[in-house]
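1. pasting the sequence and the predicted model now:
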Amino acid sequence: MAPLVSVGVLKFSDCTEAYSLNLAFTNPNIRIHCDRPLKMVKEAEKVETSKAIVADRKAFVDASVVRIMKARKRMSHKDLVAETINLCKARFTPDVKEIKVTSASFPFHLFFSHQFISPFGLKFSEIH
């Protein structure tokens, strides 16, 4: 309120301690847009949005890991992480820890046959 009072748009009345609009105010250099609504983002919306973004990114990393593992028959874990980062770069830069957790705890049995080695020495024979 103080900037509007100092410019002269508002008047402050000491006896009533209230602000009033100065209808005689004219200044071509100052523009005030009164018809625009203020966009107030609530803290709950920020938290909800950030959780949704994290979940979407995790799903994208999971899909990228599956896509890479289905395309390659044999691959080291270091190469898998590098390939996943290159694949995800277009949307965001994934965290290496996130990729390692994803590839280490991934349910391989849902996508691949029984003949596979751990994520650190990936070898797949048959894809469902």
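-> Alright, I've got the coordinates.

2. verify the contact between Met75 and Ala82 for me.
-> No: counting by CB atoms under 8 Å, Ala82 is not a contact partner of Met75; they are 10.0 Å apart. C-beta: built from backbone N, CA, C; applies to glycine.

3. the two: which is more packed in?
-> Neighbour totals were compared for Met75 and Ala82, and Met75 leads with 18 against 15 (other CB atoms under 10 Å).

4. just checking: what are the partner strands of the helix or strand containing the more buried one?
-> Using DSSP states H and E, Met75 sits in strand 74-76. The strands beside strand 74-76 in its sheet (DSSP bridges) come out as strand 121-123 (antiparallel).

5. can you name the residues that contact Leu10?
-> 1, 4, 19-22 (CB atoms under 8 Å, 6 or more residues apart in numbering).

6. any figure for the gap between it and Thr102?
-> 56 Å (CB to CB, to the nearest Å).

7. which residues are common contacts for Met75 and Ala82?
-> Common neighbours of Met75 and Ala82 (criterion: CB under 8 Å, 6+ apart): none identified.

8. list only those of the contacts of Leu10 flagged as buried.
-> Buried members of the contacts of Leu10, counted by 16 or more other CB atoms under 10 Å: Leu4.

9. can you lay out the contacts of Leu10 as a markdown table showing secondary structure and pLDDT?
-> Output for the contacts of Leu10, formatted as a markdown table (DSSP: H, G, I helix; E, B strand; the rest coil; pLDDT from 0 to 100):
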| residue | secondary structure | pLDDT |
| --- | --- | --- |
| Met1 | coil | 66 |
| Leu4 | helix | 77 |
| Tyr19 | strand | 85 |
| Ser20 | strand | 86 |
| Leu21 | strand | 83 |
| Asn22 | coil | 83 |
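
10. what is the nearest of the contacts of Leu10 to Arg31?
-> Leu4 (12.8 Å; CB to CB).

11. so where's this protein shaky on pLDDT?
-> Within the chain, the ranges that satisfy pLDDT under 70 run 1, 34, 36-39, 41, 104, 106-128.
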